[in-house]
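A.B. asks: Dropping the sequence and predicted coords here.
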Amino acid sequence: MSPDKLVHMINQIAQFHARRPEGEAAGLISTHLKRFWDPRMRSEIIAYAESAGEGLCPVARHAIERLVVDAMPQAVDVD
């Protein structure tokens, strides 16, 4: 899918949650992306945000950052 289409879609989701505090909205957007977006779409929007990210609203950027963090493996303490 084209980056322009993905940016448009995530910004629409962000607009829907615009009245919520940014952290809460970012969490809801991130959850939406995990539930409803194909993994390839998530990978593409993450790559786009990490390269240019032009056109992404701030809360959409925050949501993408949360996707990246959530995808990281958790450290295991072996003590």
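C.D. replies: Happy to help now that I have it. Remember, predicted model here, so these are calculated numbers, not experimental data.
A.B. asks: Tell me which residues touch the residue positioned nearest the centre of the chain, please.
C.D. replies: Centroid-nearest residue in the chain, with CA atoms, centre = their mean: residue 64, separated by 2.6 Å. Residue 64 is in contact with 10, 30, 45-46, 49, 56, counting by CB atoms under 8 Å, 6 or more residues apart in numbering. For glycine as for every other residue, the C-beta is placed from the backbone atoms N, C-alpha and C.
A.B. asks: redo that, cut-off 7 Å
C.D. replies: Applying CB atoms under 7 Å, 6 or more residues apart in numbering, we find residue 64 in contact with 45-46, 49.
A.B. asks: One more: residue 26?
C.D. replies: Counted by CB under 7 Å, 6+ apart, residue 26 has contacts 59, 62-63, 66.
A.B. asks: Let me know the average pLDDT across the host helix or strand of residue 64.
C.D. replies: For residue 64, the host element (DSSP states H and E) is helix 58-71. Helix 58-71 shows a mean pLDDT of 94.
A.B. asks: Most neighbours among the contacts of residue 64, which one?
C.D. replies: In terms of neighbour count, residue 45 stands highest of the contacts of residue 64 at 24 neighbours, by other CB atoms under 10 Å.
A.B. asks: Check it and give its pLDDT.
C.D. replies: Looking at residue 45, its pLDDT is 97.
A.B. asks: Does it belong to a helix, a strand or coil?
C.D. replies: Following DSSP: H, G, I helix; E, B strand; the rest coil, residue 45 is assigned to helix.
A.B. asks: Give the closest residue to it in space, chain neighbours not counted.
C.D. replies: residue 6 (4.8 Å; CB to CB, 6 or more residues apart in numbering).
A.B. asks: What is the neighbour count of residue 38?
C.D. replies: Using other CB under 10 Å, residue 38 has 10 neighbouring residues.
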